[in-house]
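Engineer: My questions concern the predicted model and sequence given below.
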Amino acid sequence: MLEGAPTPALQPTSALPGHLQDLTDRARSYVEAASSANTRRAYASDWKHFSAWCRRSGLTPLPPHPQTIGLYITACASGAAERGMKANSVSTIERRLSSLSWNYAQRGLALDRKDRHIATVMAGIRNSHARPPVQKEAVLADDIIAMIETLDRGTLRGMRDRAMLLIGYAGGLRRSEIVGIDLKANQTEDGRGWIEIVDKGMLVTLRGKTGWREVEVGRGSSDTTCPVVAVETWIKFAKLAHGPLFRRVTGQGKAVGAERLNDKEVARLVKRTAMAAGIRGELSEIERAFKFAGHSLRAGLASSAEVDERYVQKQLGHTSAEMTRRYQRRRDRFRVNLTKAAGL
């Protein structure tokens with residue numbers, strides 16, 4: 001739970017008998033499980049930001065006042081919410097609004113985001129500051145092969161990074177999902193899933209935004225590019241038996257630590273190997289550095305896999321085909337030429 005945010009609909013624990021105390025503790029754990037640790041940290045950070053702005057402005061954060069929220073998001077959009085900070089993007093302001101709604105709900109209060117003081121200001125912010133979504137470059141099959149060739153196959157770090165790139169690409173996984181995988185089920189508290197290796201490939205069970213899903217990662221046509229072989233090799237030489245699958249390599253690359261990798265390491269790995277492999281060499285170095293991130297793997301699978309769209313949608317865990325199409329950077333462009341179809 002967030003600091004200062006009470007468990008919803010629960011009485012003070014001191015007033016509860018023993019058998020209800022156990023239920024209270026269980027309810028609190030369920031509330032925490034309803035959102036990821038990263039989400040809760042973001043919610044806590046946004047509430048702290050809002051509360052600090054209220055103090056500086058001589059306003060109170062409780063109870064929720066639409067006029068106060070309208071002034072706050074105006075300050076965020078104009079760069080006046082915090083001294084020395086630049087203006088927030090539209091997506092950041094929308095996230096802050098979601099955070100405030102969540103925080104108020106934990107206190108048994110409701111924030112009406114449709115109130116004219118909020119909705120009208122937010123509409124103006126979108127019209128004035130919204131930009132087209134910036135998409136990361138998709139890395140395609142040839143790109144991935146070139147990227148893994150920049151890694152040293154004979155070192156633990158090279159084996160680990162090879163496995164991360166290949167499973168991230170073949171599974172269409174988010175960077176948080178890649179580092180959240182454990183060797184088996186129920187091995188860690190912060191794990192987001194686990195793997196099961198079988199003859200035909202590897203089954204990855206993941207806990208995502210919409211619940212649990214299973215991702216099938218089949219064996220590749222060659223051992224050198226097979227994600228399953230890469231994971232098996234990493235497990236064997238890292239001598240892993242329990243806990244996180246992807247961990248820090250320590251001791252000048254000769255030992256494997258117990259700590260799970262941070263998901264930012266995936267973004268750095270994609271960027272580093274894409275640059276080393278010369279991917280999109282026609283762009284400047286600065287442009288290339290900006291183009292690649294962890295999402296490049298996910299977009300690469302969606303753009304490369306020449307199969308029925310529903311299979312790609314299932315692999316990525318999307319609830320709609322429209323969301324899947326946003327990831328297909330090249331595949332569907334100009335497949336249907338409406339200009340010619342219209343007679344021109």
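Structural biologist: Right, received. Where do you want to start?

Engineer: any idea how far Cys226 is from Gly108?
Structural biologist: Remark: distance between Cys226 and Gly108 (Cβ to Cβ, to the nearest Å) = 53 Å. Yep, even glycine has a C-beta here, placed from its N, CA and C like the rest.

Engineer: what does Ile93 give?
Structural biologist: 25 Å.

Engineer: other SSEs contacting the helix or strand hosting Thr39?
Structural biologist: Under the criterion of DSSP states H and E, Thr39 resides in helix 37-57. Applying 3 or more Cβ pairs under 8 Å, 6 or more residues apart in numbering; DSSP states H and E, we find helix 37-57 packed against helix 66-78, helix 90-106.

Engineer: Name the residues of it that are buried.
Structural biologist: 40, 42-44, 46-47, 49-51, 53-54 (16 or more other Cβ atoms under 10 Å).

Engineer: Repeat that for stretch 112-126.
Structural biologist: In stretch 112-126, the ones that count as buried by 16+ other Cβ under 10 Å are 115, 117-118, 121-122, 125.

Engineer: quick one: low-confidence parts of the stretch 201-344 of the chain?
Structural biologist: Applying pLDDT under 70 to the stretch 201-344 of the chain flags residues 209-210, 288-289, 294-295, 300-344.

Engineer: And Cys226 and Gly108? Which one has more around it.
Structural biologist: Legend: neighbour count by other Cβ atoms under 10 Å for Cys226 and Gly108, higher for Cys226 (20 against 9).

Engineer: was I right about that one contacting Tyr169?
Structural biologist: No: look at Cys226 against Tyr169 with Cβ atoms under 8 Å: they stay out of range, at 11.7 Å.

Engineer: re earlier: with mean pLDDT, mean neighbour count and distance to Trp212 added, can I get the helices and strands packed on helix 37-57 in a markdown table?
Structural biologist: Shown next, in a markdown table, are those (pLDDT from 0 to 100; neighbours: other Cβ atoms under 10 Å; distance: least, Cβ to Cβ, whole Å):
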| stretch | mean pLDDT | mean neighbour count | distance to Trp212 |
| --- | --- | --- | --- |
| helix 66-78 | 94 | 19 | 35 |
| helix 90-106 | 92 | 18 | 22 |
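
Engineer: and Ala276, which of those is closest to it?
Structural biologist: Among the helices and strands packed on helix 37-57, the nearest to Ala276 by Cβ to Cβ is helix 90-106 (30.6 Å).
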